[in-house]
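>>> Sequence first, predicted model second:
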Amino acid sequence: MSTELLPALLDRTAAVRPDAPAVDDGTACHTYREVRDASLRLAGWLRAAGVRRGDRVLVALPTDAALPALLYAVARTGAVFVVVRTPAPPVALAHVLDDAEPALVLTDDTTLGDLSRVRRVPVRDATDVAGAANSADAIDEADAIDEADAGPLAVDPVCLIYTSGSTGMPKAVVSTHAQVTFAVRAIQSELRYRPDDVVHDVLPVSFDYGLYQIFLSTVAGARLRLGDPGEAGGRLLTSLVASGATVLPAVPSLAVNLLRLLGRPGAPRPGLRLLTNTGAAMPPEVLTGLRRLLPGLTVQLMFGLTECKRAAIMPPDGDLRHPGACGRALPGTEIFTVDTDGRRQPAGVVGELVVRGPHVMAGYWRRPELTAQRFHRAHGLFPQLHTGDHGHVDADGYVHFAGRRDDVYKEKGTRVSATEVEAAAYRVDGVDAAGVLPPADGRDGATLFVVAALTPGDVLRRLREQLEEMKVPARCVVLPDLPLTGNGKVDRRALARLAGERRG
Amino acid sequence: MNAEFTELLRPFLKFAGPDEITEEARLRDLGLDSMREIELLFAIEDTFGVAVPDDKLVDSTFATAGGLWGVVEELRAPVGGGTR
């Protein structure tokens, strides 16, 4: 079991490789020494702003080279960082503010700033953070911790990550220092990022795999390139070439985009050596195409969920030898299936996937009932994560994912709950009934069916005021009434038939 | 902007609905995300028979409907003289 604190990862690399580049964003670049020094100054600044152990600090700042030092600084004070993506609808931001009850909000976003001040939560912006990080004051490590309020223990929380799942509003997964540092080291033992790697991260930092690139790069002593969201689009290939990227953490839609861009006449070839996949199943033909165009590329598929960060990782190019598998349990952890009564099943039998190990996170913030369900305790004591994902584990320990039995689906690799989308649709004035049809296999984008005195465009536009844009379905269909099952629930099979007819 | 172009855009813009898509329309605000930008790029290249060069694969190209149409026109001009 890990007893490491998260900032210790940074301190160790900064001691061994102080002058190695740690992070750049295409404009600014900082060495490991500079990141460590900035994080110490920022920790002192946070304490002066009243942040104490256990407090939550909301971070909704641009993803740039200044971000890693800030997150490590929050961790040093013993506070808990919550990375939030903006812009987002006021109702979504208000939910996070009321749920997390932060002691400080760091943002340039005016909506989040206003909502925070109404709640008497102090707000600082990117300029304040930059000023504190770059101040000429001598660093006094004791500034970060005073005796009346000691620094964190490894069992203290360090981050909240909001995630969707069968609830009307997102809930936060709480991770301790020990859980995060164990997960980081276990993942690194499989992926083996190298000190000469350039890890090009275009995934949002509010998404856990995007966030963990910071910590994985730190333990490896690699250079992290934090990209802006535009780099996931048309600029993906040119920015990978410009950064000298060797590692690309991906979700399937990003890999598809990369393949398409590489296939254009005269397209340059980036020096990628490793592509990892998470979020959703990677179509094998995409990997075939990428390997053909990038002969030096190794692929590692993965499977996981925020509740344990990462459950399984394939060995390098293991997808070629074990088609259909998505990985083996991380070292020091295990994955098995249980039947509907929760009894452990032998290898090869399909059931709910259950994960055990030091990477199983603490639970859901302020949701004891939901925590008890998902973070089940065997004999009332020993935590095991019931993932809600179904599949089987073969005799060699490879996990094969089959699907989910609840209403959670993926949009571009991110978990979305149909319940949450429907709840948001019901909040739209003029919508009388709503049902969501998750994307069909291999298709991006859900379809929203509503009974409403509105046009489909109006429904989606108004829904954007209630729901993060990524979660708004790609299409909307207005119906005179919704097909219901015998017990009065929305009949998704009938919706699927309707969608099929509409596509012709 | 011709009708072929605006109808090509429409499925990529989930917030446009049936309304007219104007030259000033900001594609980002109408629901074009960076991931779908690439799909749009390929649809444009197929439909209008153009190859968008790498130096045009920047955020400003995809900022507004009119701006994107301008890029398409510019690329069409040398071969087709502006019409096809």
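It's in.

>>> Now the nearest residue to A:V16 once chain neighbours are set aside: phi and psi?
Closest residue to A:V16 apart from its sequence neighbours, by C-beta to C-beta, 6 or more residues apart in numbering or on different chains: A:G221 at 6.9 Å. Backbone N, C-alpha and C define where each C-beta goes, glycine included. Main-chain torsions, A:G221, degrees, to the nearest 10: phi 70, psi 20.

>>> ok, A:G221 - contacts?
A:G221 sits next to A:13, A:16-17, A:20, A:32, A:195 when contact means C-beta atoms under 8 Å, 6 or more residues apart in numbering or on different chains.

>>> Beta-bridge partners for A:R225, please?
When assigned by DSSP bridges, A:R225 has beta-bridge partners A:D24, A:H200.

>>> Can you read off the pLDDT for it?
pLDDT, A:R225: 98.

>>> For the closest residue to chain A within chain B, grab the count of nearby residues.
At 1.4 Å from chain A, B:G17 is the closest residue in chain B, using C-beta to the nearest C-beta. Using other C-beta atoms under 10 Å in any protein chain shown, B:G17 has 17 other residues around it.

>>> what do you get for A:R36?
Other residues within reach of A:R36, judged by other C-beta under 10 Å, total 24.

>>> can you check A:D137 too?
Quick note: A:D137 (other C-beta under 10 Å) scores 10 neighbours.

>>> Next up, the contacts around it.
Contact analysis of A:D137 by C-beta under 8 Å, 6+ apart lists A:41, A:44.

>>> Where does it fall, secondary structure wise?
Here A:D137 is covered by no helix or strand, with elements defined by DSSP states H and E.

>>> Could you check how far the residue lying closest to A:L454 once chain neighbours are set aside is from A:L240?
Nearest-residue entry for A:L454: A:G430, 4.7 Å, with adjacent residues in sequence omitted and distances by C-beta to C-beta, 6+ apart. Separation of A:G430 from A:L240 (C-beta to C-beta, to the nearest Å): 45 Å.

>>> When the two are compared, which one has more neighbours?
A:L240 (26 against 12).

>>> ok, A:M282 touching A:P252?
Yes. Using C-beta atoms under 8 Å, A:M282 is in contact with A:P252, at 5.1 Å.

>>> So between those two, which is more surrounded?
Legend: neighbour count by other C-beta under 10 Å for A:M282 and A:P252, higher for A:M282 (23 against 20).

>>> So which elements touch the helix or strand where B:F5 lies?
B:F5 belongs to helix B:3-9 when assigned by DSSP H and E. Here helix B:3-9 touches helix B:34-48, helix B:65-80, going by 3 or more C-beta pairs under 8 Å, 6 or more residues apart in numbering or on different chains; DSSP states H and E.

>>> residues contacting A:Y162?
By C-beta under 8 Å, 6+ apart, the contact list for A:Y162 reads A:82, A:84, A:96, A:170-173, A:206.

>>> same thing but at 10 Å, please
A:82-85, A:92, A:95-96, A:99-100, A:169-173, A:206, A:306, A:365, A:468 (C-beta atoms under 10 Å, 6 or more residues apart in numbering or on different chains).

>>> Tell me which of those residues fall in helices.
The helices, defined by DSSP state H, take in A:92, A:95-96, A:99-100 from those.

>>> Which of those residues sits closest to B:I38?
If you rank the ones in helices among the contacts of A:Y162 by distance to B:I38 using C-beta to C-beta, A:A92 comes first, at 26.9 Å.

>>> Tell me, how many residues neighbour that closest one?
The local packing count at A:A92 equals 24, with neighbours defined by other C-beta under 10 Å.

>>> Where does the prediction get shaky in chain A?
Along chain A, segments meeting pLDDT under 70 span A:1, A:138-149, A:166-167, A:441-443, A:502-504.

>>> Quick check: the residue of it nearest chain B.
Across chain A, the shortest distance to chain B (C-beta to the nearest C-beta) belongs to A:G457, at 1.4 Å.

>>> which strands and helices sit next to the helix or strand containing that residue?
Using DSSP H and E, A:G457 maps to helix A:456-463. On a contact count with 3 or more C-beta pairs under 10 Å, 6 or more residues apart in numbering or on different chains; DSSP states H and E, helix A:456-463 meets helix A:418-426, strand A:431-437, strand A:447-452, strand A:475-478.

>>> partners of the third one, with directions?
Looking back up the chat, that one is strand A:447-452. If you go by DSSP bridges, strand A:447-452 pairs up with strand A:431-437 (antiparallel), strand A:475-478 (parallel).

>>> list the buried ones in the first one?
Which is strand A:431-437. Within strand A:431-437, the residues scored as buried using 16 or more other C-beta atoms under 10 Å in any protein chain shown are A:431, A:433-437.

>>> hang on, the earlier thing: least reliable of the helices and strands packed on helix B:3-9 by average pLDDT, please.
Of all those, the minimum mean pLDDT falls on helix B:65-80 (a mean of 84).

>>> how close does the nearest residue to B:P18 once chain neighbours are set aside get to A:E420?
Excluding the flanking residues, the one nearest B:P18 by C-beta to C-beta, 6+ apart is A:G457, at 5.9 Å. As judged by C-beta to C-beta, A:G457 and A:E420 stand 22 Å apart.

>>> Who are the contact partners of the residue nearest in space to the middle of chain B?
Note on chain B: the residue nearest the mean C-alpha position is B:L68, at 4.4 Å, using C-alpha atoms, centre = their mean. B:L68 is in contact with B:1, B:5, B:9, B:23, B:27, B:32, B:40-41, B:44, B:52, B:56, B:60-62, counting by C-beta under 10 Å, 6+ apart.
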